[in-house]
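1. Quick one: sequence and predicted model below, then my questions.
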Amino acid sequence: MNDKIVPVITIDGPSGAGKGTIAQMLALDLNWNILDSGALYRTLAYFMLEQNIGLHDFEKNKELIKENFRVKFDAGIAGEPVKVIFNDMDITKEVRTEEIAKKTSDLAADPVIRDFIKPCQRDFMKPPGLIADGRDMGTVIFKDARHKIFLTASLQERAKRRQVQLKRQGSEVNMRLLLQELEDRDKKDIERKHSPLKPATNSVIIDTSNLRPEGVIEEIKKNL
Ligand code: DC
């Protein structure tokens, strides 16, 4: 099956640019499937941690991981996180911890892991269509996608959004620390050798700093 039959919209961009919100809104609106590729990497990190498998043991355990790596996403309810279902268990909350985020960031930089995840991501391309959210959806994984969107926003605005999100979860965070963390993650994503974060040449770039989610959707729809 390829994109000639299944339409794909890719949504890439840095942390806090609004990818998750917009991908969810589009998936609910169009009634399409959703792939949260960041959550897929996080699930792999969660599973490896649970099984006590380190990055250096990955090859040795590849078959076991492959057999047990069954992940589904449910766009759920607007405004709530997209549900991550791993082997029939809801692990939405478990994959959002700081421990998993750190481990994921290391895993995602490794070419062996990226090769392993690639076919898993392509498997989400099922009718009637797919909204694929990540860093390299339009540049590497779904190069043939019908529509490619790259969302961006100022560092300040992205940090503010993250602060609101964390507050909602009950954590207070220092703005200066948040800015530094985001800057570091951006640098890591942009400068890494394998699948670095960059807009696909044929993508529509939208700065969401001064837009409400509805405004972003309007911009996207103008380009569909
Ligand atoms: O979007 P997120 O924070 O859930 O992503 C988790 C990590 O995975 C982050 O370090 C970036 C990385 N990632 C990636 O390298 N490629 C993707 N397509 C999606 C996420």
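-> On my side now, so go ahead.
2. any idea whether the closest residue to Lys72 other than its chain neighbours is helix, strand or coil?
-> The spatial neighbour of Lys72 that comes closest, neighbours along the chain excluded (C-beta to C-beta, 6 or more residues apart in numbering), is Ile85 at 4.3 Å. Backbone N, C-alpha and C define where each C-beta goes, glycine included. When classified by DSSP: H, G, I helix; E, B strand; the rest coil, Ile85 comes out as strand.
3. How much space separates Ile85 from Asp29?
-> In this view, Ile85 and Asp29 are 22 Å apart by C-beta to C-beta, to the nearest Å.
4. One more: Lys188?
-> Distance from Lys188 to Asp29, by C-beta to C-beta: 32 Å.
5. What degree of burial does Lys143 show, as a neighbour count?
-> 14 (other C-beta atoms under 10 Å).
6. ok, now which ones touch it?
-> Ala200 (C-beta atoms under 8 Å, 6 or more residues apart in numbering).
7. quick one, phi/psi of whichever residue of the chain sits closest to the ligand?
-> Closest residue of the chain to the ligand, C-beta to the nearest ligand atom: Gly38 (2.4 Å). Torsion angles at Gly38 (phi, psi; degrees, to the nearest 10) stand at phi -60, psi -40.
8. Might you calculate how far the helix ranked longest in the chain sits from the centre of the chain?
-> Within the chain, and with DSSP state H defining each element, the longest helix by residue count is helix 175-191. Computed by C-alpha atoms, centre = their mean, to the nearest Å, the chain-centroid distance of helix 175-191 equals 16 Å.
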